[in-house]
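here is my input, please return the structure:
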Amino acid sequence: MNKFVNSKVKLNIPVLNQLSKAATTALEETTEALLSEVEEDEVIPFGEDIMKDGKVIHQGGYLNDNTFSDYSDVNKGKTDLISSTAYARRMYFHPEYNFNRKEHRNARGEWYEDYISGMKKKFCSETFSKIYKREAGI
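The predicted structure follows:
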């Protein structure tokens, strides 16, 4: 016994566009919220000499002032936080350095680690969800 089913789907394009715009806005605002949170946590090294084995390996600098959001791929669902200094990579991947904590009390390497796998790993997903619901009118 064969049964045939017919169905018709009608897409509500304006609503789909609204949801897509809500997702883009939520991604941008989540990126800004992460940058603000990291700055408030004072984990990005700031204006200090970085020492290793008693020698200065980096003299001063304002890494947090040179960290910004990049939305060039936001329509692909991707944003970046970029530190535009030559020494940012070296400082990030060397948590063993003795970071001066005079300006930023929690300065260290791997400053995003709490947001990737540590205590604050739900920050971005929860922030995105909250903003998306607000923007989508859910």
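
all strands of the chain, in order?
Under the criterion DSSP state E, the chain contains strands at 50-52, 55-58, 67-70, 80-83.

buried stuff in the third one?
Okay, so that is strand 67-70. Thr67 (16 or more other CB atoms under 10 Å). Just so you know, the C-beta spots here come from the backbone N, C-alpha and C atoms, and that holds for glycine as well.

in its sheet, what does that strand sit against?
According to DSSP bridges, strand 67-70 forms sheet pairs with strand 80-83 (antiparallel).

may I have the strand it pairs with exported as PDB, CA atoms only?
What follows is strand 80-83, C-alpha atoms only, in PDB (Å, rounded to 0.1, in the frame of the first residue of the first chain):
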ATOM      1  CA  ASP A  80      38.500  38.000  15.900                       C
ATOM      2  CA  LEU A  81      40.200  39.900  18.700                       C
ATOM      3  CA  ILE A  82      43.500  41.000  17.400                       C
ATOM      4  CA  SER A  83      46.500  42.300  19.200                       C
END
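
quick one, longest helix in the chain?
Across the chain, the longest stretch assigned as helix under DSSP state H is helix 13-41.

check which helices and strands that helix sits against.
strand 67-70, strand 80-83, helix 113-116, helix 123-136 (3 or more CB pairs under 8 Å, 6 or more residues apart in numbering; DSSP states H and E).

could you check the angle helix 13-41 makes with the last one?
Angular relation of helix 123-136 and helix 13-41 on a 0 to 180 degree scale: 140 degrees, by axes from the mean of the first three to the mean of the last three CA atoms, to 10 degrees.
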